[in-house]
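Peer 1: model the following, please.
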Amino acid sequence: MKNNYMSLKFKSISENESFARNVVGCFALQLNPTLMDVSDIKTAVSEAVTNCIVHGYPEKPGDITIDAYIENNVIHINVFDNGIGISNISQALEPFYTTKTDEERSGMGFTIMQNFMDSIKVESNINAGTKVYMSKTIKADA
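Peer 2: The predicted structure is shown next:
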């Protein structure tokens, strides 16, 4: 499989969440993934984008950027915001942890990403934003 990449920048409003997940899902199709693989990728992207919208920009919308690239049979998806950042990444990665206890948030976003992708890495700086790096290997047809 030849290497390929894409980049997408959009406003952090909830109407763009499905747009982002579908764009990345379509990009992944060149790897000939199973329907389960596409569903996993789209769900992980949805969670990452929703985190940017809800937690990264709680006061007003900002920009979200998704860079995705393919190396051989692996899709790498990077979701960036320039929002408020995460003060304690270890705590944020714990299942059921949420800073939005007054809203109906489950605190499972990062856990879902970890379960649906092969790897996930989170970097964040206060008042400078958060970067989520995810990857998933798509197995070639046997």
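Peer 1: in the chain, what spans have low per-residue confidence?
Peer 2: 1-2, 89, 91-108, 141-142 (pLDDT under 70).
Peer 1: might you report the residue contacts of the residue nearest to residue 76 when sequence neighbours are not counted?
Peer 2: Once flanking residues are discounted, residue 76 sits nearest to residue 135: 4.6 Å by CB to CB, 6 or more residues apart in numbering. Backbone N, C-alpha and C define where each C-beta goes, glycine included. Residue 135 makes contact with 74-77, 117-119 under the criterion CB atoms under 8 Å, 6 or more residues apart in numbering.
Peer 1: please apply the same query to residue 125.
Peer 2: By CB under 8 Å, 6+ apart, the contact set of residue 125 is residue 85.
Peer 1: measure it to residue 82 for me?
Peer 2: 10 Å (CB to CB, to the nearest Å).
Peer 1: same deal with residue 26?
Peer 2: 26 Å.
Peer 1: okay, these two: which has more neighbours?
Peer 2: Taking neighbours as other CB atoms under 10 Å, residue 26 and residue 82 compare with residue 82 leading, 18 against 12.
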